[in-house]
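Student: A structural model of the following input is requested.
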Amino acid sequence: MPAFKSLFFLASRRQILGIVTLMAGYIPLILGSEVWSVLGPPLAMSVTTQLWSIRPRTVSTILFLAFSLLLLARWQWAWIPWTHLMASLLVQLSIAITYWLTTRSPRGLFKTTQRLKSRIERQRSEFELARSVQQEMLKGFESNRDLLLEHLPVHVVQKDAAGRFTDCNQSFCQLLKLPKSEIIGKRDIDLFPTQSAEKFARDDQQVMRLGTVFDDVEL
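Tutor: Numbering: from 1, shown residues only. Next comes the predicted model:
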């Protein structure tokens, strides 16, 4: 049946509850009920209780229970055998128990999901706070570094792997007689004579290749 096939889409912990509810829907037949329509609400409820979210699940529970009672009332209570009535009550009880286990139980999936959600939110807040503190520390470090570099009497530059200038201090700007905005993004070949630019490029490649610092006096 389609209802049984839907159980394969449930989490392993909820499949047992779905099977219990589906089997409970056949209690009227086991007890000899000839009113096939009383099977509809339990079977439909077994799917909606397991698959829907909490709000639609609450509404659907009330609607299906009410629908079951209306079906019974259609054949008049006085003419319904007691076995049929007890079977219907057992079905409704199984639905109520399944609903409580899946939504209200402290160990149910809904409560577990809520606890995990709260834990994730708390960890996310802690992570955001730690990242904010690190960013503030990084900004303070960069500010102090820039302040120090600007007042050093030596030329300090920063380049990317392609040899483009990404930063420099004021001493280097005074050497080239250019503002920093006209230096950033350019290469040595754009600012120095060819021979000097090629030497600077070789030195940069040596530093990146060896990962060591070397002393060099430029005349």
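Student: show me what contacts Gln158?
Tutor: 165-168 (Cβ atoms under 8 Å, 6 or more residues apart in numbering). Where you see a C-beta, it was placed from the backbone N, CA and C, and this is true even at glycine.
Student: neighbours around Asp188, how many?
Tutor: Under the neighbour criterion other Cβ atoms under 10 Å, Asp188 is assigned a count of 21.
Student: how far away is it from Lys159?
Tutor: Here Asp188 is placed at a distance of 9 Å from Lys159 (Cβ to Cβ, to the nearest Å).
Student: now do Arg119
Tutor: With Cβ to Cβ as the criterion, Arg119 and Lys159 are 45 Å apart.
Student: who's more crowded, those two?
Tutor: Counted by other Cβ under 10 Å, Arg119 and Lys159 do not tie: Lys159 has more neighbours, with 18 against 10.
Student: Can you verify my assumption that the more buried one contacts Cys168?
Tutor: No: using Cβ atoms under 8 Å, Lys159 is not in contact with Cys168, being 9.4 Å away.
Student: Next one, pLDDT for Glu126 please.
Tutor: pLDDT, Glu126: 90.
Student: neighbours around it, how many?
Tutor: A total of 10 residues lie near Glu126 under the criterion other Cβ under 10 Å.
Student: helix or strand right after the helix or strand containing it?
Tutor: Using DSSP states H and E, Glu126 sits in helix 109-150. Of the helices and strands lying after helix 109-150 in sequence (DSSP H and E), the nearest is strand 157-159.
Student: List the neighbouring strands of that following strand plus their orientation.
Tutor: Partners of strand 157-159 in the sheet, by DSSP bridges, are strand 165-168 (antiparallel).
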